[in-house]
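> quick one, what's the 3D model for this:
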Amino acid sequence: MQPDEEVLYDLAELFKVFGDSTRIKILFALESAELCVGDIAELLMMTQSAISHQLRILKGSHLVRSRREGKAMLYSLADAHVRTMLDQGLEHIEE
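Got it, this is the predicted structure:
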């Protein structure tokens, strides 16, 4: 049975988010630790504004969550499903 059209649209939109290598790099960086924008930018050798832009997209897709600690905003993967999608994607392309 095929899912409803709205569900298929939402799934296609989710996969579009994975279509950018910078966002994939951010997700892998967040696999091991909570990080702030500055740490991610340094790790990926990118500007903080570029990272912030990508984090907004990732948050909007519910792949990343944030929490405030003092003045810092810390980012992490939203849940174990995100890690599973990354792991299964890697497994698929490495076959």
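> now the residue nearest to the spatial centre of the chain: how far from residue 39?
Taking CA atoms, centre = their mean, the centroid of the chain lies closest to residue 27, which sits 4.2 Å from it. Residue 27 sits at a distance of 15 Å from residue 39 (criterion: CB to CB, to the nearest Å). Every C-beta, even on glycine, is put in place using the N, C-alpha and C of the backbone.
> what's the end-to-end length of stretch 26-37?
By CA to CA, to the nearest Å, the extent of stretch 26-37 from end to end equals 10 Å.
> what does that stretch contact?
For stretch 26-37, contacts defined as CB atoms under 8 Å, 6 or more residues apart in numbering pick out 40, 43-44, 48, 51-52, 54-55, 58, 63-64, 67, 72-77, 82-83, 86.
> go with 7 Å
With contact meaning CB atoms under 7 Å, 6 or more residues apart in numbering, stretch 26-37 is reached by 40, 43-44, 48, 51-52, 54-55, 58, 63-64, 72-77, 82-83, 86.
> okay then, goodbye and thanks.
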